[in-house]
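# A predicted structure for the sequence below; I have some questions about it.
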Amino acid sequence: MSRPLSSEEADHDARRGRQWLAGEAHGAGVARDDLLELGSAMAALTAAAAEREPVAVAPAPVGVDPGSPIAKPLPPELLRPLETNAEMRWPAMAGQGYVVPNDRFFVRNHTVTPRLDADAWRLRLFGTGLRDAPTRDAPVEFTLDELRRLPAEESTALLECAGNGRRFFADQQDAPAPGVAWDLGGVGVARWRGVRLGTVLRLAGLTDDAVDVMPEGLDPDYVTGGVNLGRVRRPLPIAKALDDVLLAYEMNGEPLPADHGFPVRVVVPGWIGISSIKWVGPVEVSATPLFSPWNTQFYRMFGPGHPADGDALGTQSVKSAFELAWDAHLPAGTEVRLHGRSWSGAGPIDRVEVDTGDGWRPAELVAADRGGPWQRWTAAWRPPARGRWTLRARATDVTGAGQPDRAAPNDLGYLFDGVVRHPVTVV
Ligand code: MTE
């Protein structure tokens, strides 16, 4: 089988989608109609796999609620809890630098943050795309120390949940979508340090036949609607895996925090957040295409304008956010400087405009950010009179993609790109 040439998320997703629909899925497990039957079989499989992969569990850190799905503290001024997740509050970025500090970086957990013991942890690679480890029960293993001894690289990359902004489908467009009701805080940029996945794959005996790589998380199985979908996992094409994907063990100069994947996570620059598997353990390297519910059942576009079996998700949409509280109070008649950030999955931001009530005008872009994964900007505003005002910001990326007044709705509420109407009160 020849290798796919592209490492583009949309291409890969579309190709795998066609193969899945044509019944070419590896392990018949993920046809949407089969999910119910599949549940119990997968549960048995994953339980058996878990037994073969004992990972010691460390006690919860002192001072943190052991019942919480998230390990780090959740100060209300930094993070807003949302079910098993927590989103960053945008005012918490005011006065910060380019990256989001670890204490306020958003957390997206399908279940709970597992407490893994780094000494017991192993990265376990297996599959038909490796020379000597075709099966899961005889993997090629790496300890954390072994990974740390390999050449290290740093990458400043943006992570964003595909559902970021979902709340605005309901609040601004009267088209609520199920799922976590993120504001705009399901996004962050961090400086990740680790070893290239490509380096590890080659050391593990990668063959020319490999087409897909699927990292799996060591967090508990994800059960939804009574169906056990097994471990969180999503395939990557080999071209992307060999390109800029990192196995990260540091975040912003610190060991990876528990909530962000300790001891090691995958970081897939430019792809939607679900690709960046946290707490990575097993990694399947396959000579045939791989599928999981995370590229067939979820993270596809269903609904108006999409076929019954959905469309590939594609790259993240363009978004803009003010570093300002919702309904912030601002003084009348005094010039204030508004700060914000814009980003896009398709490429760097080219320009940003703001509207404070009298039409669109250009924002000033922070020159040092040009070409990076997100763009800081500012705009001056002298609120003319007391009362309720609406602030708006919209960006255009280098591909020409921008932000419409109204985002195209889809059943699962992904890729919101509409202009958000941010209320403030002038006093
Ligand atoms: N990896 C595992 N093992 N389990 C998860 O629940 N969530 C994914 C991804 N990796 C997830 C995971 C999703 S949907 C996102 S958006 C990112 O992790 C979020 O990373 P963060 O929690 O470090 O911000």
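Cool, the structure landed.

# need the contact list for the residue of the stretch 301-427 of the chain found nearest the ligand.
Closest to the ligand within the stretch 301-427 of the chain is Q316: 10.5 Å, counting by C-beta to the nearest ligand atom. Where you see a C-beta, it was placed from the backbone N, CA and C, and this is true even at glycine. Contacts for Q316 (C-beta atoms under 8 Å, 6 or more residues apart in numbering) come out as E160, A162, I272, W343, S344, G345, A346, L415.

# Go again with 7 Å.
By C-beta atoms under 7 Å, 6 or more residues apart in numbering, the contact set of Q316 is E160, I272, S344, G345, L415.

# can you check H422 too?
F322, L324, T390, L391, R392.

# partners of the last one in the sheet?
Think R392. D355 (DSSP bridges).

# for H422, same thing?
Bridge pairing for H422 - DSSP bridges - gives L391.

# what residue ranges in the chain score low on pLDDT?
For the chain, the stretches with pLDDT under 70 are 1-8, 10, 12-13, 21, 23-66.

# Find the closest residue to the ligand in it.
At 2.0 Å from the ligand, G217 is the closest residue in the chain, using C-beta to the nearest ligand atom.

# ok, back up a step: nearest to L236, of the contacts of Q316?
L236 has its nearest neighbour among the contacts of Q316 in I272, at 11.8 Å by C-beta to C-beta.

# Please tell me how far that closest one sits from N164.
9 Å (C-beta to C-beta, to the nearest Å).

# quick one: contacts for the residue lying closest to the residue of the stretch 301-427 of the chain closest to the ligand once chain neighbours are set aside?
Distances taken as C-beta to C-beta, 6 or more residues apart in numbering put G345 closest to Q316, at 2.8 Å, once the chain neighbours are dropped. Going by C-beta under 7 Å, 6+ apart, G345 touches G270, T315, Q316, S317.

# Correct me if wrong: the last one contacts D417.
Yes - the pair S317 and D417 passes the contact test of C-beta atoms under 7 Å, sitting 3.4 Å apart.

# What pairs with the helix or strand containing A380, parallel or antiparallel?
Here A380 sits within strand 374-381, counting by DSSP states H and E. Note on strand 374-381: by DSSP bridges, its sheet partners are strand 336-343 (antiparallel), strand 364-365 (antiparallel).

# Burial-wise, tell me which of these comes out on top.
Neighbour counts (mean count of other C-beta atoms under 10 Å) averaged over each of the strands paired with strand 374-381 peak at strand 336-343, with a mean of 21.

# What lies in contact with that one?
Outside strand 336-343, the residues that touch it by C-beta under 7 Å, 6+ apart are 94, 158, 187, 319-324, 330, 349, 352, 354, 373-381, 391, 393, 395.

# Let's see that with 6 Å instead.
Strand 336-343 has contacts (C-beta atoms under 6 Å, 6 or more residues apart in numbering) with 158, 320-323, 330, 349, 352, 374-381, 393, 395.

# still on that earlier bit, so of the contacts of G345, which ones are in helices?
Among those, no member falls in helices (criterion: DSSP state H).

# Checking A321 next. Helix, strand or coil?
Secondary structure assignment for A321 (DSSP: H, G, I helix; E, B strand; the rest coil): strand.

# Against P114, how distant is the residue nearest to it when sequence neighbours are not counted?
Of all residues not flanking A321 in the chain, L184 sits nearest, at 4.3 Å (C-beta to C-beta, 6+ apart). Distance of L184 to P114, given as C-beta to C-beta: 28 Å.
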